[in-house]
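K.L.:
One predicted model, sequence on top.
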Amino acid sequence: AQKVTQAQTEISVVEKEDVTLDCVYETRDTTYYLFWYKQPPSGELVFLIRRNSFDEQNEISGRYSWNFQKSTSSFNFTITASQVVDSAVYFCALVLPEGGSEKLVFGKGTKLTVNP
Amino acid sequence: NAGVTQTPKFQVLKTGQSMTLQCAQDMNHNSMYWYRQDPGMGLRLIYYSASEGTTDKGEVPNGYNVSRLNKREFSLRLESAAPSQTSVYFCASSANRGRQPQHFGDGTRLSIL
């Protein structure tokens, strides 16, 4: 079965701390895509990054970085020097190729609270 | 830039009532999706439309119907609302199938009494 596990339900840190959000996925497919989305308290969902299964390069975007490791089926997300504005629920998601119509399977999310 | 627009934003229904949630996107995307979000459950796919004229069931389709009215619009209908359908509903679209990033609407908060 294909699924995404975000074992950390809630994380609380103090501003300027680094924090890593874990994502472990399961799939039998060799071609797949992984995503991270952010849902701030206002409720909208914001796309952060997409990674395909053939590209294991780590990605850095400002204070955000992503570590994709196929050997451990993980796609972890690190926020460096966290800020209060980073407080949100973060979702990891996996695309399941199915009959030409690909569906996104989400993890249950990790709620990050950054305290001043 | 409107992106994905959902209406209404809030709604309260009584058990047994029917309702249609509307979704429209202005990005010329082929694929559209309906999700529900419940506390501790993440987002679960209800129905999706890979392209105009096609619809398919997702993970939790029971109690819902959808219509892809045209390329822009994808509606979700509750024929006989039940309290278990109390949730936040999100519509999303992507350029071409799920491998492309999905753009989400702001959600519809639906309460069924």
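P.N.:
Sure, I can see it.
K.L.:
low-confidence ranges in chain B?
P.N.:
Screening chain B residue by residue with the criterion pLDDT under 70, one finds the ranges B:1, B:98.
K.L.:
who in it is up against chain A?
P.N.:
For chain B, the residues found near chain A under the criterion CB under 8 Å from any CB of the partner chain are B:31, B:33, B:40-45, B:48, B:50, B:54, B:56, B:58-59, B:88, B:90, B:92, B:97-104, B:106-107. Any C-beta I mention is one placed from the backbone N, CA and C, and that applies to glycine too.
K.L.:
which parts of chain A sit against chain B?
P.N.:
Of all the residues in chain A, those in contact range of chain B (CB under 8 Å from any CB) are A:9, A:33, A:35, A:43-47, A:50, A:52, A:91, A:95-97, A:100-109.
K.L.:
ok, residues contacting the helix or strand residue A:47 falls within?
P.N.:
For residue A:47, the enclosing helix or strand under DSSP states H and E is strand A:46-52. By CB atoms under 8 Å, 6 or more residues apart in numbering or on different chains, the surrounding residues in contact with strand A:46-52 are A:31-40, A:59, A:61, A:64, A:66, A:68, A:75, A:77, A:90, B:99-104.
K.L.:
Recalculate using a threshold of 6 Å.
P.N.:
A:33, A:34, A:35, A:36, A:37, A:38, A:66, A:68, B:101 (CB atoms under 6 Å, 6 or more residues apart in numbering or on different chains).
K.L.:
In chain B, which residue is most central in space?
P.N.:
residue B:34 (2.9 Å; CA atoms, centre = their mean).
K.L.:
show me what contacts it?
P.N.:
Residue B:34 makes contact with B:46, B:47, B:76, B:91 under the criterion CB under 6 Å, 6+ apart.
K.L.:
helix or strand for it, which one?
P.N.:
Using DSSP H and E, the element containing residue B:34 is strand B:31-38.
K.L.:
With just CA atoms, put the helix or strand that comes right after that strand into PDB.
P.N.:
On the C-terminal side of strand B:31-38, the closest following helix or strand by DSSP H and E is strand B:42-49. Output for strand B:42-49, consisting of C-alpha atoms alone and laid out as PDB, is shown next (Å, rounded to 0.1, in the frame of the first residue of the first chain):
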ATOM      1  CA  GLY B  42      -4.900  15.300   6.900                       C
ATOM      2  CA  LEU B  43      -6.500  15.800   3.500                       C
ATOM      3  CA  ARG B  44      -8.400  13.000   1.900                       C
ATOM      4  CA  LEU B  45      -9.300  13.000  -1.700                       C
ATOM      5  CA  ILE B  46     -13.100  12.700  -2.400                       C
ATOM      6  CA  TYR B  47     -13.200  13.000  -6.200                       C
ATOM      7  CA  TYR B  48     -11.000  14.200  -9.000                       C
ATOM      8  CA  SER B  49     -11.200  15.100 -12.600                       C
END
